[in-house]
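> I'd like to go over a predicted model; first the sequence, then the structure.
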Amino acid sequence: MDKASLIGCIIGLICFGFVAFEASHGQFEMFFSLEGVFTVIGGSISVVFMSMPMEKLLRVPGYLKSFLFHKAKSPAEMVELFSRLSEKARRDGILALESDIQSLDDKFLAAGLKAAVDGVDPGAVEANLRMEILAMQDRHKAGKKFFDLIKLYGPGWGLVGTLIGQIGMFGQLGGSIEAMGHMLALAVVATLYGTVAANAIAGPIGDKLAIRSGEEILRREMMIQGILSIQAGDNPRVTTDRLLAFIPSAVRAKLQAAA
């Protein structure tokens, strides 16, 4: 579980729940409008179906999983891993890494190391791994695009619900005050739904996915440099120094001191 995502969700729910309770005195049903749900939620869903291919929409659960869960190694852990692998390869030969490859839980890293151990040309190893990064970036862009669409069009559908509610209210002028109140509630609640969907849900999730994508690209670039360094037979210190270039200076100093 990604702690920052969980903390953010909890804080948002607590703040929203407190304000809603104070405003409604515990009568939360006043914030529910079936018409608003159909307008904003249904409208936003229609937009993503019109804008994105079906195969990318089927990956939405994976996008949410990436937002809530984060198990990837940190850059500091990557430096430590490659320091150990390079020392072993230098001492026992690169073929000695076959046993380590089987225990790796990262398919990208395992595939790159396996290609290096099998003696594939370094240029071909790098080219294949970079193509995988490009494919990964495309998948990540699709995930952010999904939430960007909701962020963009959710408030618009909220405005549609507001206009429908206002038209209905004007149509009831001189009639039942209850009907006018119902239409006014639809107008306000639809705007609320659209604003919450864009600013409290879709926007933050999309931004977190963009950050995770950048972190993953950095991590994989570190892997490429580490694999190529091991394949070239570089001194373990050279491999470590090459990877330390990806790490902020404060963390870099601690790792160098520990080494």
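That came through, no problem.

> spatially central, which residue of the protein would that be?
Leu209 (2.0 Å; C-alpha atoms, centre = their mean).

> next up, the contacts around Phe82.
Residues in contact with Phe82, defined by C-beta atoms under 8 Å, 6 or more residues apart in numbering, are 222, 226, 229-230, 239-240, 243. The C-beta positions use only the backbone N, C-alpha and C, and glycine is treated the same way.

> can you lay out the residues you listed as CSV showing distance to Leu152, neighbour count and secondary structure?
Listed next are the contacts of Phe82 as CSV, based on distance: C-beta to C-beta, whole Å; neighbours: other C-beta atoms under 10 Å; DSSP: H, G, I helix; E, B strand; the rest coil:
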residue, distance to Leu152, neighbour count, secondary structure
Met222, 34, 23, helix
Gly226, 39, 26, helix
Ser229, 43, 23, helix
Ile230, 45, 24, helix
Thr239, 44, 26, helix
Thr240, 44, 21, helix
Leu243, 39, 26, helix
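
> would you turn those residues into CSV with distance to Met30?
Below are the contacts of Phe82 laid out as CSV (distance: C-beta to C-beta, whole Å):
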residue, distance to Met30
Met222, 53
Gly226, 58
Ser229, 63
Ile230, 64
Thr239, 63
Thr240, 61
Leu243, 57
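
> list the buried ones in stretch 193-200?
193-194, 196-198, 200 (16 or more other C-beta atoms under 10 Å).

> and it, what's its mean pLDDT?
Mean pLDDT, stretch 193-200: 93.

> send me that stretch as CSV with only the CA atoms.
Extracted in CSV, the C-alpha atoms of stretch 193-200 (Å, rounded to 0.1, in the frame of the first residue of the first chain):
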residue,chain,number,x,y,z
TYR,A,193,-20.2,16.1,-8.1
GLY,A,194,-18.2,17.4,-11.1
THR,A,195,-15.9,19.4,-8.9
VAL,A,196,-15.2,16.5,-6.5
ALA,A,197,-14.7,14.1,-9.4
ALA,A,198,-12.1,16.4,-11.0
ASN,A,199,-10.3,17.9,-8.1
ALA,A,200,-10.5,15.3,-5.3
